[in-house]
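Trainee: build me a structure from this.
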Amino acid sequence: IRTGIDVPLVQADATALPFAAASVDVACSAFGAVPFVADSGTVMREIARVLRPGGRWVFSTTHPFVWCLPDDPDENGLRVFHSYFDRRAYTEHDEQGSAIYTETHRTMGDRVREIVAAGLILLDVIEPEWPPGQERAWGQWGPIRGGYVPSTSIFVTQLPSGASGADQHGCGAYQATDSTPRRADTLCEQRPRVR
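Mentor: Model prediction:
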């Protein structure tokens with residue numbers, strides 16, 4: 001679709017976006033940066049920083065449960081072979097041993113805690129079903145396995161209307177810095193709030 005509106009293309013680090021606080025209405029990512037950074041919570045906080053109050057952040061990732069399954073779209077892909085709770089990154093190396101692909105795993109609970117800790121409201125999690133009549137497999141996604149488990153998670157979030165996009169800690173939200181969730185408002189007294 002051509003609108004005649006010149007939209008600049010910006011290539012940037014998702015953990016340090018080159019945008020002013022509270023300057024973006026909508027941010028979206030389709031299988032983009034989120035699983036490819038070691039600390040995806042930083043991405044959530046950075047998106048919250050640049051969103052205007054009431055702004056939306058919608059992103060998709062491979063469904064966390066898929067990490068348990070082999071990369072096979074057929075019956076062989078329906079057996080659990082790996083722990084859902086193993087959060088080590090998946091890495092592929094070239095002939096010289098250098099990492100050429102790294103993807104991190106987060107459980108559904110990890111992802112929800114990252115979102116809430118950033119001060120965002122989780123509005124929905126969409127787990128698309130395999131489309132009827134689609135018989136072609138792509139990678140580990142196919143009609144056989146897709147008929148049993150989702151391959152994709154789509155997270156729909158929003159910065160609260162009264163929030164400042166610069167408040168990266170979302171006081172009043174839960175913030176997990178280790179395995180124990182804590183109310184972030186108890187931490188706000190210890191750190192200056194950005195306004």
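Trainee: tell me which other helices or strands the longest strand that the chain contains touches.
Mentor: For the chain, the longest strand by residue count, based on DSSP state E, is strand 51-62. In terms of contacts (3 or more CB pairs under 8 Å, 6 or more residues apart in numbering; DSSP states H and E), strand 51-62 is packed against strand 24-30, helix 40-50, strand 152-158. For every residue, glycine as well, the C-beta is placed using N, CA and C.
Trainee: quick check, pLDDT for the closest residue to Val24 other than its chain neighbours.
Mentor: By the measure of CB to CB, 6 or more residues apart in numbering, the closest residue to Val24 outside its immediate chain neighbours is Val50, 4.6 Å from it. Model confidence at Val50, expressed as pLDDT, equals 98.
Trainee: cool, Thr180 as well?
Mentor: Thr180 is given a pLDDT of 37.
Trainee: same thing with Ala38?
Mentor: Ala38 is given a pLDDT of 94.
Trainee: helix, strand, or coil at it?
Mentor: coil (DSSP: H, G, I helix; E, B strand; the rest coil).
Trainee: surely it and Thr104 touch.
Mentor: Yes: with contact defined as CB atoms under 8 Å, Ala38 and Thr104 form a contacting pair (6.1 Å).
Trainee: who touches both of the two?
Mentor: Ala89 (CB atoms under 8 Å, 6 or more residues apart in numbering).
Trainee: between those two, tell me which one has more neighbours.
Mentor: The neighbour comparison of Ala38 against Thr104 (other CB atoms under 10 Å) goes to Thr104, with 19 against 10.
Trainee: so what's the more buried one up against?
Mentor: Pro35, Phe36, Val37, Ala38, Ser40, Arg87, Ala89, Tyr90.
Trainee: for Asp110, find the nearest of the helices and strands packed on strand 51-62.
Mentor: Relative to Asp110, the nearest member of these by CB to CB is helix 40-50, separated by 8.6 Å.
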